[in-house]
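structure for the following, please:
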Amino acid sequence: MTEPIPVSRAVDHGTAKLMPDVDRERAWLLTVDGAPQSYVDLDAPAHLEFEYTRRIGHVLDTVAEEGRPLDVLHLGGGAFTLPRYVAATRPGSRQDVVEADRGLLELVAECLPLPAGSGITLHAADARAWLESAPADSADVLVADVFGGSRVPAHLTSLGCARAAERVLRP
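So this is what the prediction gives:
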């Protein structure tokens with residue numbers, strides 16, 4: 001078996017690097033411009049390495065009875081850590097992942113492919129624009145995991161964005 005090789009590529013919003021974890025055979029750390037963005041273990045998608053993803057995972061575990069499929073809208077994609085988690089823990093879920101950085105989306109899809117039948121659909125688009133055009137009452141859960149550098153982009157922190165999210169979420 002060959003050792004995994006780090007991958008570095010220019011993407012739309014910087015330089016992305018995929019670095020293999022030496023302790024977990026098919027686990028990867030994604031950084032953009034040196035800042036950690038995502039960690040994913042392809043063999044154990046329910047493993048959430050970062051504390052904030054574990055916290056979101058706990059919320060996802062409690063929003064409906066265990067194992068029940070959900071319709072989830074993810075704003076921000078990274079290495080698709082949380083979509084992979086939902087696919088593993090709630091088979092049959094329908095998930096849309098919206099990532100503004102097309103280059104990053106393509107890199108991750110190519111190097112860390114999603115499992116067949118995962119129910120995850122990828123979209124290269126602006127999160128706010130996607131949210132505003134999404135059908136009303138179309139999602140059980142909305143996960144907003146979008147950062148521009150170390151901050152959430154301003155257009156995703158407005159009252160208008162919150163109202164768009166409210167419209168998309170089912171009661």
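
so where's this protein shaky on pLDDT?
1, 148-150 (pLDDT under 70).

80 instead, please
1-3, 147-157 (pLDDT under 80).

how about the helices in it?
Taking DSSP state H as the criterion, the chain carries its helices at 51-62, 81-89, 102-111, 127-133, 159-168.

between the ones you listed, which gets nearest to Leu73?
Minimum separation from Leu73 across the helices of the chain (CB to CB) falls at helix 159-168, 6.5 Å. (Glycine included, C-beta is placed from N, CA and C.)

now tell me what touches stretch 137-148 from outside.
13, 37, 56, 60, 63-64, 70-76, 78, 82, 100, 127, 131, 152-153, 156, 165, 167-171 (CB atoms under 8 Å, 6 or more residues apart in numbering).

make it 7 Å
56, 60, 63-64, 70-76, 78, 82, 127, 152-153, 156, 165, 168-170 (CB atoms under 7 Å, 6 or more residues apart in numbering).

show me which residues of that stretch are buried.
139-146 (16 or more other CB atoms under 10 Å).

just those residues: which are in strands?
Mapping those onto strands (DSSP state E) picks out 141-144.

near the residue nearest to Ala109 when sequence neighbours are not counted, how many other residues are there?
Leaving aside its chain neighbours, Ala109 sits nearest to Leu122 (6.3 Å; criterion: CB to CB, 6 or more residues apart in numbering). Using other CB atoms under 10 Å, Leu122 is surrounded by 20 other residues.

what's opposite Leu122 in the beta bridge?
Val97 (DSSP bridges).

coming back round to it: filter the contacts of stretch 137-148 down to the buried ones.
Buried among these by 16+ other CB under 10 Å: 56, 60, 70-76, 78, 82, 127, 152-153, 156, 165, 168-169.

I'm done for today, thanks for sticking with me.
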